[in-house]
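could you work out the structure for the sequence below:
(one chain, ligands or ions: 1)
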Amino acid sequence: MADQLVDREVASEQAFVDRVYQQLERAGVAAQQLAKEGHSRGRLGHEGGLVERDAMVFQAAKRIAQLDAAHEGLVFGRLDMTAAVDPLPRYVGRIGLRDDNHDSLIIDWRAPAAAVFYQATAAEPHEVIRRRVLRCTGPRVVGVEDELLDAEALTDAEAAGRELPIVGEGALMAQLSRARDRSMHSIVATIQAEQDKAIRAPSKGVVSISGGPGTGKTVVALHRAAYLLYNERRRYESGGVLIVGPSGVFMRYIERVLPSLGETAVALRSLGEVVDGFRATRHDEPAVADVKGSERMAEVMRRAARQQAPGSPTEYRVFFRDDRIHLDRGALGRVRRHLMSQGRRNKQLPRVSAALLDAMWRQVRGERGREHGREKFDDEMLSRNDFLDFALGWWPPLDAPTVLSWLRDPEFLARVAEGVLSTEEQRLLLKSWSGTTATVNLSIEDMPLLDELRYALGDVPHKADDERDDPVSLIEGAVDIQELMTASDREYAPSGRAWSAPTHSIEDDPFAHVLIDEAQDLTPMQWRMVGRRGRTASWTIVGDPAQSSWPAPEEAAAVRAAVLEGKQIHEFHLSTNYRNSAEIYDFAAAYAGRVGLNADLPEAVRRTGAEPTVITGSADLEAATREAVVGTAGRVNGTVGVVVPAARRSEVNAWLASWPELADDARGARAAIDSSVPPSGDDRVVVLTGLDTKGLEFDGIVVVSPDEIEAESATGRATLYVVLTRATQLLTTVS
Ligand SMILES: Nc1ncnc2c1ncn2[C@@H]1O[C@H](COP(=O)(O)OP(=O)(O)OP(=O)(O)O)[C@@H](O)[C@H]1O
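Sure thing, here's the model as predicted:
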């Protein structure tokens, strides 16, 4: 009987969903048509035609991308409202769609009319009688889950002849119990009221979202990006949204959600990719990372950017009529200070020759020379190759990687770090930059240093920026040489050319909205770097302080406050853990309490009956790990993470590769042996370090030697807490 009712409800929803898919197809054909028409406008030949073509093709391409992305879970919600508001059902979906009469078929989940889908509760039903979640695979409806929000209104509706049966057993639980693959899933169907508030918060100032592990901070932040793009299209599509997450692995993990929400104006970048034209994937060891992350490095970089280029000429001599002109260290120092006081170093390039000529002209005292006049003097000097070579060598156009490479010289570093960094800290830096690979293999922690230098140096001006009267053919020549290196030349420069140069100007850095995930891990220098991209932006900042792996939180907080100064901060807090089973989260929370982490403890909503397993005192760590990993992989359908101390990564990778039981599940382990990069394939079983697990989740987690993970760094306890909160179903620790 109950089954029949469900079948009937599913069938009736299927009829509606079929209609929607037919309409989607028609919309797709219309978009293709628009694209075609756009292209033919271009053939009209006049300029207006081209502009029109670009606009039309752009719009059409966007709509096509949206429609393509919308296929999965196109319609997922239905609201039945009180008759006074709307006697007809309202459907909610991933995108908005109208029928041929232009009547709304489905409402975009981000539209104001859809807000009530997420906000209505039994306590505050907002005129909603029944909320229904449609579970679909592709275009097929496989189930419906209802919630009765207003029993009294239901009685009234039934009395008036409307049929609104309540079926299903909780879409949220169904969503929470599914097995995971290695990408994050959209949760539009089951967004909860407190999450919805954070998603739809006004876009002014800063929205700061906090909450313990698994509370949906990341998915909420991503849906917020989609929401903003939908609601203030013009602002965010032209200004762009920058989303910054902790690592490349993490960004790959979340990548799927946004496109599936249909968004196009979003830049997803890991912390190693924030600076345009660079991509770092390697972390420095914790002691080095601590030095490079400290705000004191900003002063070191500022000083470095003002130094005389190593190996550049220190004097210039020339005869002019009866005078012997000599620009010595003192004279050059004065010119340099004067130029430096005018603004960024590279910006002064067009003024360098004039400033040098001023200083030289002052030394022309003889009658013959003075009579000749300044103009002729300038012309004569500017036609001399030795002067041009000198000027260019003395004040060369500089890029950030070049200046960063100067710091590899101990004497240079000592000079610019004096009074700022200890000798030991300088030693750590030198060591991190030493060796041939360091020049091409910059670390994630080097990126904020580069960025600091980019801003201190300024962009090398284009010829068009040059000042009109400046006789700087020499500088123009220099700029030409620079520009011969194209963007891709630089990015893919062979290792012979050491540090590759930035390709984009700092003017192109800003975004209209900046969204930071796992914000608790940003170092002060990373805050400065990200801050430059969002001076006039609105922000969404997401994090959980207890999961922080940065050892000096007060310093980071101060820089964060400076970066956001003047912006209004709106705080949101999420309190339900949707990831971990209650058993696993209780275990992790008890650990946090034991080691004194000041953790924000959410409530986990799902009980599985599977308590975490703790295996200690194993005589043979490999055998114990093997049993745990193989056992876990056998018991869950989804992913398994084997979390190891960084020092054991290759060892454990080799173990996994040698276990025949995992031959199909962990091929990547073989490829990843001895590599510091985590396997990126679609393996079901992967080996990761504690820090790699940030933001990720797995169905099963096996932690190898938790004590070693804890001892690995000053913030090892927070890292281990993160590790313990990654599993949705099974957790085992082995030591
Ligand atoms: N409303 C919801 N319905 C269904 N699943 C949800 C909901 N909210 C969150 N989840 C799921 O909970 C899990 C945790 O979400 P997410 O990774 O965003 O949490 P987080 O707060 O960023 O976690 P952490 O700080 O531990 O990295 C994800 O699998 C997500 O899909």
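
now P202: phi and psi?
Phi and psi for P202, reported as degrees, to the nearest 10, are phi -60, psi 150.

and the pLDDT for it?
Each residue has a pLDDT score; the one for P202 is 88.

skipping its backbone neighbours, what lies nearest it in space?
Once its chain neighbours are removed from consideration, P202 has its nearest residue in H570; the separation is 7.5 Å (CB to CB, 6 or more residues apart in numbering). Just so you know, the C-beta spots here come from the backbone N, C-alpha and C atoms, and that holds for glycine as well.

what's the burial count for the one you found?
H570 is surrounded by 15 other residues when neighbours are defined as other CB atoms under 10 Å.

in three-state terms, label it for me.
In terms of secondary structure, H570 is strand; the call rests on DSSP: H, G, I helix; E, B strand; the rest coil.

where's the residue of the stretch 601-735 of the chain found nearest the ligand, which helix or strand?
Of the stretch 601-735 of the chain, the residue with the smallest distance to the ligand, taken as CB to the nearest ligand atom, is G695 at 4.5 Å. Under the criterion DSSP states H and E, no helix or strand holds G695.

and the gap between the nearest residue to it once chain neighbours are set aside and G641?
In this structure, G695 finds its nearest non-sequential neighbour in F250, 4.5 Å apart by CB to CB, 6+ apart. To G641, F250 is 13 Å away according to CB to CB, to the nearest Å.

mutual contacts of these two, please.
Overlap between the neighbourhoods of F250 and G641 consists of L696, taking contacts as CB atoms under 8 Å, 6 or more residues apart in numbering.

show me which of these two is the more surrounded one.
For the pair F250 and G641, the greater number of neighbours falls to G641 (25 against 22), based on other CB under 10 Å.

ramachandran angles for the more buried one?
Dihedral angles of G641 (phi, psi; degrees, to the nearest 10) stand at phi -110, psi 130.

tell me which residues touch the residue nearest to P202, please.
Taking CB under 8 Å, 6+ apart as the contact definition, H570 lies against 201-202, 205-208.

likewise for G343?
Taking CB under 8 Å, 6+ apart as the definition of contact, the neighbours of G343 are G458.

secondary structure class for it?
Recorded secondary structure, G343: coil (three-state DSSP).

any idea how far it is from the ligand?
For G343, the distance to the ligand equals 42 Å [CB to the nearest ligand atom, to the nearest Å].

kindly report the same for P524.
Distance of P524 to the ligand, computed by CB to the nearest ligand atom: 21 Å.

of the contacts of H570, grab the buried ones for ChimeraX.
Buried members of those can be picked out in ChimeraX with the line below, counting by 16 or more other CB atoms under 10 Å:
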select :201,206,207,208
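
which two of the contacts of H570 have the greatest separation?
Set against one another by CB to CB, the contacts of H570 have their most distant pair in P202 and S208, with a gap of 13.3 Å.

hmm, I444 is touching R282, no?
Yes: I444 sits in contact with R282 when judged by CB atoms under 8 Å, with a separation of 6.6 Å.

more neighbours: which of these two?
Taking I444 and R282 together and counting by other CB under 10 Å, I444 has the greater number of neighbours (24 against 14).

element containing E411?
In this structure, E411 sits in helix 410-417 according to DSSP H and E.

what lies in contact with that helix?
Taking contacts as CB under 8 Å, 6+ apart, the residues outside helix 410-417 that touch it are 300, 303-304, 307, 310, 406-407, 425-426, 429-430.

my read: V275 touches L449, true?
No: with contact defined as CB under 8 Å, V275 does not count as touching L449 (9.9 Å).

does the residue of the stretch 451-600 of the chain found nearest the ligand count as helix, strand or coil?
When you check the stretch 451-600 of the chain against the ligand by CB to the nearest ligand atom, the closest residue turns out to be Y578, at 3.5 Å. In the three-state summary, Y578 is assigned as strand, counting by three-state DSSP.

how about it, what does it touch?
If you count contacts by CB under 8 Å, 6+ apart, then Y578 has 172, 176, 214-216, 605-606 around it.

re earlier: so what sits against both of I444 and R282?
Between them, I444 and R282 share these contacting residues under CB under 8 Å, 6+ apart: G272.

starting at the chain centroid, how far to the biggest helix by length in the chain?
Longest helix in the chain, counting residues (DSSP state H): helix 2-42. When C-alpha coordinates are averaged (CA atoms, centre = their mean, to the nearest Å), helix 2-42 and its chain have centres 33 Å apart.

same question for stretch 564-579.
18 Å.

buried ones in that stretch?
Residues of stretch 564-579 classed as buried under the neighbour-count rule (16+ other CB under 10 Å) are 564, 567, 572, 574, 576-579.

what's the average pLDDT for stretch 367-378?
Along stretch 367-378, the predicted confidence averages to a pLDDT of 91.

I meant to write stretch 187-198 there.
Predicted confidence along stretch 187-198 averages 89 (mean pLDDT).

need the residues of this structure near the ligand, please.
Taking CB under 6 Å from any ligand atom as the measure of proximity, the chain contacts the ligand at 172, 175-176, 185, 187, 190-192, 195, 211, 213-219, 544, 547, 578-579, 695, 697, 725.

circling back to that earlier point, farthest pair in the contacts of helix 410-417?
For the contacts of helix 410-417, the maximum inter-member distance is 21.5 Å, found between P310 and E425 (CB to CB).

can you tell me which residues contact the residue in the chain sticking out farthest from the centre?
When distances are taken from the C-alpha mean of the chain, E367 lies farthest, 65.7 Å away, according to CA atoms, centre = their mean. Counting by CB under 8 Å, 6+ apart, E367 makes contact with D322.

do you know how far it is from R415?
E367 sits 44 Å away from R415, going by CB to CB.

what is the burial count for H102?
Burial of H102, expressed as a neighbour count using other CB under 10 Å, amounts to 7.

whoops, I584 was the one
I584: 27 surrounding residues under other CB under 10 Å.

tell me the bridge partners for I516.
Partner residues in beta bridges with I516: V244, I541, with DSSP bridges as the criterion.

contact partners for it?
I516 makes contact with 244, 522, 530, 539-543, according to CB under 8 Å, 6+ apart.

which of those sit farthest apart?
The widest separation within the contacts of I516, taken as CB to CB, falls between L522 and T540 and amounts to 13.9 Å.

quick one: R317 is in a strand?
Yes: if the criterion is three-state DSSP, then R317 is within a strand.

wait, it touches R324, no?
Yes: in this structure R317 lies within contact range of R324 using CB under 8 Å: 7.2 Å.

coming back round to it: P310 and E425: who's more crowded?
For P310 and E425, the more surrounded residue by other CB under 10 Å is E425, and the numbers stand at 21 against 12.

ok, that one touching V291?
Yes: between E425 and V291 there is a contact under CB under 8 Å: 4.8 Å.

so how far is stretch 138-150 from its chain's centroid?
34 Å.

equivalent analysis for stretch 162-171, please.
Between the mean C-alpha position of stretch 162-171 and that of its chain there is a distance of 40 Å (CA atoms, centre = their mean).

which positions within it qualify as buried?
166-168, 171.

stretch 579-587 now?
By neighbour count, and taking 16+ other CB under 10 Å as the criterion, the buried residues in stretch 579-587 are 579-581, 583-585, 587.

what do you get for stretch 700-708?
Buried residues in stretch 700-708, defined by neighbour count with 16+ other CB under 10 Å: 700-706, 708.

and which of the residues you listed is nearest Y455?
Comparing the buried residues of stretch 700-708 against Y455 with CB to CB picks out E708 as the nearest, at 39.9 Å.

now do the residue most central in space within the chain against T523, distance only.
For the chain, V244 is the residue whose C-alpha lies nearest the centre (CA atoms, centre = their mean; 1.9 Å). Per CB to CB, V244 is found 13 Å from T523.

identify the contacts common to those two.
The contact sets of V244 and T523 do not overlap (CB under 8 Å, 6+ apart).

count of residues packed around L730?
25.

next one, pLDDT for it please.
L730 carries a pLDDT value of 97.

mind checking which helix or strand it is in?
When secondary structure is defined using DSSP H and E, the element that contains L730 is strand 727-734.
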